[in-house]
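the sequence and its predicted three-dimensional model are supplied below.
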Amino acid sequence: VTTNMATSRCGLGLCLLFLLYSSATAAPKPHLLFVLVDDLGWADVGFNRAVPDNEVQTPNLNSLVKEGVHLTRQYVHQYCTPTRTSLQSGRYPVHVNTGLGSPCDDNTGISQNMTGFAEVLQRAGYTTHMAGKWDAGMATPAHTPHGRGYNTSLNYFSHKNDFWSQANMQTCCESDQTIIDFWQTDKGASSLNNTGYSEFIYQDELMGHLKAHDPSTPIMMFYAPHVAHCPLQVPKAYYDKFGFMTDDEGQCAKQTVKGVHTIDPHYPDLPYKCRQQYKAMVNIMDGVVGNITNEMKSKGMWNNTLMIFSSDNGGPVDLQENAANNWPLRGGKYSLFEGGIRASCFISGGMIPSSLRGTVNDGIVHIADWYATMATLAGEDPTDKRAMAAGLPPIDSMDVWPFLSGAVPQSPRADIPIPIGGDCVVIGDYKLITGSTSPSFWQGPKYPNASSVNNTPVGHAAEALRYLTGPPPRPFPRLGACTSNNAAQQWIVADGGNVTVCTPSSDFAGQACWNVQNSEQRLILWPEESTRNELFTLNSGTISSPLLGDGECLGATSSTGELMILSKSECSGPNTIYTGFTYNKTTLQISVKDKEGDMLCVTADHNGTSPSPSKGGVCSTGCLFNVASDYTEQNNLHDDPSQASRIANMTAVLANLKAKFFQNNDKFQNDCPPNTQDCACWMAKNRYGGFMGPFALLGK
């Protein structure tokens, strides 16, 4: 039986079924473990990769997925605060909070009179603990994790803080790095501040509670890793563990600032290798999850545990911010494409029926649904009566356990509209976007890399092959050392006339031909031969192209070796490699001499990314995708006449939903002296010993 417990609509028969279901699950009540990871890219966990990559090391998560159910269509908001308030309150973000607010503001997070799911579980007799990122409000004691139903918490309130010092970041107090964003239940975490790397401190906190716990009492543990949000800080031992990685970049230095938020302050001169740093951080989180679940197994708790794992949004692909990868999904954090709102997700634990372990479930789930699901498993009615009395929106959460456990064949959300903000709605297999959204590009299997350019979308729909079919085509030609019998250096070129230059390598699922997109400068490899721009000439063994303008040349720079069309000034620049490309019909190699006279060969790069014709947000005139069959969003159906009725219906549905969107307008009398600017900072300095904490309705 599946119900939307947003209640007031509960008829007698439905309520009776709810009571029967509640009593059936009340004994024993399952232990609950929820892991909500920050800024995790779709491609940054092994269970989302059909082809293993040694850079993606998540062995514990992979094992848990094999013991559980991989959920491939759980929706979240496109950035963190709304997702976290959605989970804790059981509401769509549009019914609780869609702002990326500061903890210094009264209306950041969950409205004061909404009930958190931990409060519901406490009513059911659960002991509740949380550690990690909160990002759901701080204004009053009722807004803190403890106020929302957690017996204990060790948390930071903002979007991020320093992994080592726990200094505040992205708050009204950021200019004062002596103010610490680190809170322990009802006071500043002074005994733990600056004692180590945050993720290990959170691990110790949760493991301590777990070791001391009596398994006969149900427990709910909420682990919200700081990983993998910026700053990209990581202990050197883990940084070195991924030292085998190559072709990296360092643009994350803009937010992971040396001397302020250093990678590892014990080794202040570590070079920036952003993809390496990110992968190492994810590996740490994987180890923490493994330690927690292993402890639950050793205490005999796992067989009666439901574990839920989710990211809060897609991975950020702004290179100054992060180094995540959502391949093969399109877009990333902040975007309405699937790369921004389809979360990496699974359930595991002994609660999973043995027949379902190791399976994949493509049904729709929203992150708000875990509120009603956990409440019902605990034997509690999830109806938020306090919010109802205050005239606030009811919960949107649906109990999805009957579906996920195999008791019913279809998700209760199969045809329920899910609004993702004001410009997007998902209904069943289809998603409508009505306004411009970005980022809008596909990252490629290894992203970012040395060729990645920030704010320049990369990849192309034709590259976004189904990730279950094997390796995708590789994006661009670059110069490398000449090696014999190297398939990546074997090109098919016909002598004379305008011809295509292609590689026949099976790695490309067919031919991949030289191409220059629209007005772009860089050459890419394209899995087709018919595009007009794929025109290169071979005359007397020398390759050129009619695409070359006056004084332009085909060349490469010494920094990347990537083939591109260079301007007249670049052709004679000090960092340019070119003297004319020649073709060897016997070896099939295309070679060029650098300025020192050394021979280099054009090589198909297997790990790169390439520019897209679209550099800004797209969908300004509308996009419609069948995200069940076309989950990489290659085929925009918006202009398909056969979809006109569907678009009109979905547009009307979204308009009706928008009429009921909620805005949190909470405003409190703060406890600072009159005319104090930034009361949260004053309170940190004058009440909490330098730690950020509540600043209103504090009483004495």
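That came in fine, so what should we check first?

please make it C-alpha for all contacts and neighbour counts, starting now.
Noted.

tell me the secondary structure at the closest residue to T676 other than its chain neighbours.
Leaving aside its sequence neighbours, T676 sits nearest to W682 (C-alpha to C-alpha, 6 or more residues apart in numbering; 7.6 Å). At W682 the chain is in helix, as set by DSSP: H, G, I helix; E, B strand; the rest coil.

right, and W682 touches C672 too?
Yes: between W682 and C672 a contact is recorded at 7.2 Å, counting by C-alpha atoms under 8 Å.

quick check on P59: phi, psi?
The phi and psi values for P59, taken as degrees, to the nearest 10, are phi -60, psi -40.

these two touch, right, it and V288?
No: counting by C-alpha under 8 Å, P59 stays clear of V288, with 11.6 Å between them.

more neighbours, those two?
Per other C-alpha atoms under 10 Å, whichever of P59 and V288 has more neighbours is V288, with 22 against 16.

gap between the helix or strand containing that one and the chain center?
Assigned by DSSP states H and E, V288 belongs to helix 274-298. Its chain's C-alpha centre and that of helix 274-298 lie 16 Å apart, by C-alpha atoms, centre = their mean, to the nearest Å.

list the buried ones in that helix?
The neighbour-count check on helix 274-298 (16 or more other C-alpha atoms under 10 Å) flags 274-293, 295-297 as buried.

how close does A696 get to Q589?
Distance, A696 to Q589, using C-alpha to C-alpha, to the nearest Å: 71 Å.

ok, those two, which is more surrounded?
Q589 (26 against 21).

isn't that one up against Y583?
Yes: in this structure, Q589 is within contact of Y583 by C-alpha under 8 Å, at 5.9 Å.

next one: phi and psi at H31?
According to degrees, to the nearest 10, H31 has phi -70, psi 150.

and it, what pLDDT?
pLDDT, H31: 98.

then L12?
44.

in the stretch 551-700 of the chain, where is pLDDT below threshold?
557-560, 574-575, 577-579, 606-617, 700 (pLDDT under 70).

neighbours around N151, how many?
N151: 17 surrounding residues under other C-alpha under 10 Å.

re earlier: whichever helix or strand comes after the helix holding V288 pairs with which strands?
The helix or strand immediately downstream of helix 274-298 is strand 305-311, counting by DSSP H and E. Using DSSP bridges, strand 305-311 pairs in its sheet with strand 31-37 (parallel), strand 342-348 (antiparallel).

and the last one, what's its mean pLDDT?
Read that as strand 342-348. Taken as a whole, strand 342-348 has a mean pLDDT of 98.

then stretch 370-389?
pLDDT averaged over stretch 370-389 gives 98.

list the residues that contact the nearest residue to V37 once chain neighbours are set aside.
Nearest residue to V37, sequence neighbours excluded (C-alpha to C-alpha, 6+ apart): S311, at 4.6 Å. By C-alpha atoms under 8 Å, 6 or more residues apart in numbering, the residues touching S311 are 36-40, 343-345.

any idea how far the most centrally placed residue in the chain is from R413?
Nearest to the geometric centre of the chain sits G314, at 2.4 Å (C-alpha atoms, centre = their mean). Separation of G314 from R413 (C-alpha to C-alpha) stands at 21 Å.

what about the helices in the stretch 101-250 of the chain?
Using DSSP state H, counting those that start in this stretch, the helices found in the stretch 101-250 of the chain span residues 117-123, 198-212, 236-241.

kindly report the same for the chain.
12-25, 59-66, 80-89, 117-123, 198-212, 236-241, 274-298, 338-341, 369-377, 385-389, 401-404, 568-571, 644-658, 679-686 (DSSP state H).

on that earlier part again, any idea how far the residue nearest to V37 is from M599?
On the measure of C-alpha to C-alpha, S311 and M599 end up 47 Å apart.

repeat that for Y92.
Distance, Y92 to M599, by C-alpha to C-alpha: 60 Å.

neighbour-wise, which of those two wins?
When Y92 is set against M599 and neighbours are counted by other C-alpha under 10 Å, the residue ahead is Y92, at 30 against 14.

hang on, isn't the more buried one packed against V365?
No: at 11.8 Å, Y92 does not count as touching V365 under the criterion of C-alpha under 8 Å.

surely T262 meets V234?
No: using C-alpha under 8 Å, T262 is not in contact with V234, being 9.0 Å away.

please say which of those two ends up with more neighbours.
V234 (27 against 24).

is it true that that one touches Q277?
Yes: V234 lies in contact with Q277 (C-alpha under 8 Å); the separation is 6.5 Å.

first-to-last residue distance for stretch 184-191?
Distance across stretch 184-191, first residue to last, is 9 Å (C-alpha to C-alpha).

show me what contacts A43?
49, 325-328, 445.

which phi and psi does the nearest residue to it once chain neighbours are set aside have?
Nearest residue to A43, sequence neighbours excluded (C-alpha to C-alpha, 6+ apart): N326, at 5.0 Å. As for N326, its main-chain torsions (degrees, to the nearest 10) stand at phi -110, psi 10.

measure N326 to L563 for me?
26 Å.

try M114
Using C-alpha to C-alpha, one obtains 57 Å as the distance from M114 to L563.

F668 contacts D105, doesn't it?
No: in this structure F668 lies outside contact range of D105 using C-alpha under 8 Å: 9.8 Å.

more neighbours: these two, which one.
Neighbour count, other C-alpha under 10 Å: between F668 and D105, D105 has more, with 20 against 14.

spatially nearest residue to that one, not counting backbone neighbours?
Spatial nearest neighbour of D105, chain neighbours left out: A139 (6.7 Å); criterion: C-alpha to C-alpha, 6+ apart.

next one: G435
Per C-alpha to C-alpha, 6+ apart, closest to G435 is S620, 4.4 Å.

cool, and I565?
With sequence-adjacent residues excluded and distances taken as C-alpha to C-alpha, 6+ apart, I565 is closest to L554, at 4.8 Å.

distance of V288 relative to Y223?
In terms of C-alpha to C-alpha, V288 sits 10 Å off from Y223.

oops, could you answer that again for A136 instead?
A136 is 14 Å from Y223, where distance means C-alpha to C-alpha.

what does P103 give?
20 Å.

can you check A628 too?
With C-alpha to C-alpha as the criterion, A628 and Y223 are 30 Å apart.

among those two, which residue is more densely surrounded?
Taking neighbours as other C-alpha under 10 Å, A628 and Y223 compare with Y223 leading, 27 against 17.

specify the beta-bridge partners of the more buried one.
Note on Y223: beta-bridge partners V35, A131, judged by DSSP bridges.

tell me the contacts of it?
Contacts of Y223 by C-alpha under 8 Å, 6+ apart are 33-36, 130-132, 202, 206.

go again using 10 Å as the cut-off
33-37, 129-134, 153-155, 202-203, 206, 288-289, 292, 309 (C-alpha atoms under 10 Å, 6 or more residues apart in numbering).

and the strands in the stretch 101-250 of the chain?
For the stretch 101-250 of the chain, the strands defined by DSSP state E, counting those that start in this stretch occupy 127-133, 152-156, 160-161, 168-169, 183-184, 187-188, 219-224.

just checking: what are the partner strands of the second one?
Same thing as strand 152-156. Going by DSSP bridges, the partners of strand 152-156 are strand 127-133 (parallel), strand 183-184 (antiparallel).
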